[in-house]
Structures are given as C-alpha cells and as structure tokens.
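Colleague: Sequence and predicted structure are below.
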Amino acid sequence: MVSPPNSFKRAVQHYLELLKSSASTLTSILAADDNPIMDAGDKKDRKESSSAALVVAAAAAVFVLLPLLYVGAVGPLIWLNDREYLHIDDESVIARAYSPLGWAAEKCRPLQITLDGYAELWRSATPSQQLHAY
C-alpha cells in the first residue's frame, strides 16, 4: 500500500487543528452566556459578541469543511467507479464537477503528487484483490 505524501498529511493535520480550535472557541463562547456573575448589560454585550462569533465560526467551518469534503470525495468516487457502482467518463457530471481540481493538479505538481497518493489509497484494494466470504 502506498502511504500518502507528507504534504497531504500536514494539510489534513492543519485542517483538523483549525476545526478543533474553532470548536473550542465556540464552546467557550456558548458556555459564557450562562455565567450568573455578569449583570444584564454584560450579558447583552456578550450575547451580541457571541452571535457575531457564532457567525464567524460557522463561516469558517463552511470554508474549511466544504473544500475538504470536495477534495476528500475523490477517493470514494474512485472506489465506486473501480467497482462499477458508478460510471464516470469525461462527459459525466461528476467529471465536470471535478475538472477544476484536475486543472489545479496539472498546474501544481505538489498538489498532483498529493492527489495521486490519495487516489492510490482508494485504488489499493481493487475488486480482484478483495477476499470473498463463503
């Protein structure tokens, strides 16, 4: 089995750290609203700032998670195509949806190496190599 390139591992670790920090920030903001020591004015200010922080956290999650899901879905699509659950050719909607990623990989060699390594992980167990349970 081919291991993913180090750049891919670093990118995944970076995104996971971002998600963890966003989650801990959101948790601390939400927990602060229940603080009984603050007076009504402080609570109102806190709620306004926590609402803004919640919007920022949600936007950050969308801008981090959507690209991760877009790129990450390449592997399962390869797996499904190799097992003929899907038929992906150059004219399919899926191929057109992922053409920007293919273009970016052609222009950026490190991205191409990373994506090739990731794709190989999903191709490593081809249907002919699967064990059959009898």
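Modeller: Cool, the structure landed.
Colleague: C-terminal to the helix or strand where A95 lies, which secondary structure element comes first?
Modeller: Using DSSP states H and E, A95 falls within helix 93-97. Per DSSP H and E, the first helix or strand lying C-terminal to helix 93-97 is helix 99-107.
Colleague: can you list contacts of the helix or strand where L80 lies?
Modeller: Using DSSP H and E, L80 maps to helix 74-82. Contact with helix 74-82 is made by 86-88, 94, 98, 101, 115, 118-119, 121-123, 126-127, as judged by CB atoms under 8 Å, 6 or more residues apart in numbering. In this view, the C-beta of every residue, glycine as well, is placed from N, C-alpha and C.
Colleague: Which among the residues you listed count as buried?
Modeller: I94, Y98, L115, Y118, A119, L121, W122 (16 or more other CB atoms under 10 Å).
Colleague: In helices, which of the residues you listed appear?
Modeller: Mapping those onto helices (DSSP state H) picks out I94, L115, Y118, A119, L121, W122.
Colleague: which residues of the protein score low on pLDDT?
Modeller: Counting by pLDDT under 70, the chain shows low-confidence ranges at 1-8, 23-48, 125-134.
Colleague: Can you spell out the domain ranges of it, please?
Modeller: Following automatic domain parsing, one finds the domains of the chain at 1-64, 73-126.
Colleague: for the chain, what's the longest helix?
Modeller: Under DSSP H, the chain gives helix 40-72 as its longest helix.
Colleague: how big is the angle separating that one from helix 99-107?
Modeller: On the basis of axes from the mean of the first three to the mean of the last three CA atoms, to 10 degrees, helix 40-72 is oriented at 70 degrees to helix 99-107.
Colleague: on that earlier part again, determine which two of the ones in helices among the buried ones among the contacts of helix 74-82 are furthest apart.
Modeller: Farthest pair in those (CB to CB) is I94 and L121. Separation: 19.0 Å.
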